[in-house]
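S.K.: Predicted model and sequence follow; I will ask about them next.
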Amino acid sequence: MTNNTYYLLDGFKLILQPGLKRFVIIPLLINIILFIGLFFLATHFFNEFNHWLTLHLPSWLYWLGSLLWLIFFIGFFLTFLYTFTTLANFIAAPFNSILAEKVEWYLTGKSLEKQSALTLVKDIPRIIARQFSIIGFYLPRACLLLILFFIPIAQLVAPVLWFVFNAWFMTLQYVDYPTDNHRIPLSEVRRRLQRKRWPALSFGVSVLLLTMVPLLNCFVMPAAVAGATKMWLKEFT
């Protein structure tokens, strides 16, 4: 395993550099607002359900309400791990593309072809469409892996395969920003990553592990964009 896990740490350092910090604010705010919004929305509906359930329980079973809250918090964060990152990246995609462009300029001194604000706005549908393509790549394979959890014997390896697949997906998702800026087709991106499969996977593992840390995962996205941009320039170009 190469030291590609350190590219994520490099990403945290990069987003703190002068000239780059301002491009991190919007993606970071999107992450935080999305997390808080989803949490309070889920809490509201669960509170309503718990109140309804308590009214129909005998008094000696009221303790179930506290147990259900514990299950709710655990379930929310476990579900959050696998849905939040994809949703946040989808919403913040245009801003992440700009961040990747600025990181590339910071690292190489070479800027992409200058675009007007109007051109950037017109480019948003293409960026969003690219995100749909990535989700289209992910969902069928994820569904097939989920089936393994219900097959005897295969259940033993299903969690490992699920983790490895999601780590690979993290790499693909974040490397997409610098590559899309250069209009590199997604199929070509996957082909280059597969040439150095283990180095690419190690970066995804580091990202996935940090997304499992509540609150810290809100800060992972901009760092992963910066780290993936540096990794792509150093390892895959």
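M.R.: Received it, and whenever you're ready, just let me know what you need.

S.K.: what about residue 31, which SS state?
M.R.: helix (DSSP: H, G, I helix; E, B strand; the rest coil).

S.K.: For it, which non-adjacent residue is closest in space?
M.R.: Distances taken as CB to CB, 6 or more residues apart in numbering put residue 218 closest to residue 31, at 4.3 Å, once the chain neighbours are dropped. In this view, the C-beta of every residue, glycine as well, is placed from N, C-alpha and C.

S.K.: count of residues packed around the one you found?
M.R.: Close neighbours of residue 218, defined as other CB atoms under 10 Å, add up to 22.

S.K.: Equivalent analysis for the one 4 residues further on, please.
M.R.: Other residues within reach of residue 222 by the criterion other CB under 10 Å amount to 29.

S.K.: Find the nearest non-adjacent residue to it, please.
M.R.: residue 24 (4.4 Å).

S.K.: low pLDDT regions in this protein?
M.R.: 1-3, 56-57, 60, 62, 65, 75-86, 112-121, 214 (pLDDT under 70).

S.K.: at 80 instead, please
M.R.: For the chain, the stretches flagged by pLDDT under 80 are 1-4, 27-28, 30-32, 34-35, 38-39, 42, 46, 49-91, 111-124, 212-218.

S.K.: the strands in it, which residues?
M.R.: Counting by DSSP state E, the chain has no strands to list.

S.K.: what about the longest helix in it?
M.R.: For the chain, the longest helix by residue count, based on DSSP state H, is helix 63-108.

S.K.: before we move on, the earlier item: how far away is the residue nearest to residue 31 from residue 94?
M.R.: Distance, residue 218 to residue 94, using CB to CB, to the nearest Å: 19 Å.

S.K.: same thing with residue 131?
M.R.: For residue 131, the distance to residue 94 (CB to CB) stands at 10 Å.

S.K.: got it, and residue 123?
M.R.: Distance, residue 123 to residue 94, using CB to CB: 8 Å.

S.K.: just residue 66 next, same as before
M.R.: Distance from residue 66 to residue 94, counting by CB to CB: 43 Å.

S.K.: the more surrounded of those two?
M.R.: residue 94 (19 against 10).

S.K.: I figured that one was touching residue 124, is that so?
M.R.: Yes: if you go by CB atoms under 8 Å, residue 94 and residue 124 touch, sitting 5.0 Å apart.

S.K.: Contacts only, for residue 224.
M.R.: 8, 11, 170, 174, 207 (CB atoms under 8 Å, 6 or more residues apart in numbering).

S.K.: List only buried entries from the residues you listed.
M.R.: 8, 11, 170, 174, 207 (16 or more other CB atoms under 10 Å).

S.K.: how about the nearest residue to the fourth one, chain neighbours excluded?
M.R.: Computed as CB to CB, 6+ apart, the closest residue to residue 174 that is not its neighbour in sequence is residue 228, at 3.7 Å.

S.K.: The one you found - how many residues pack around it?
M.R.: By other CB under 10 Å, the residues close to residue 228 number 30.

S.K.: what's the answer for residue 45, then?
M.R.: Neighbours of residue 45 (other CB under 10 Å): 10.

S.K.: Over to residue 226?
M.R.: 34.

S.K.: list the contacts for it?
M.R.: Residue 226 sits next to 10, 11, 12, 14, 15, 20, 99, 100, 103 when contact means CB under 8 Å, 6+ apart.

S.K.: could you check the distance from the nearest residue to the fourth one once chain neighbours are set aside over to residue 49?
M.R.: Nearest residue to residue 14, sequence neighbours excluded (CB to CB, 6+ apart): residue 226, at 4.0 Å. Here the distance between residue 226 and residue 49 works out to 41 Å (CB to CB).
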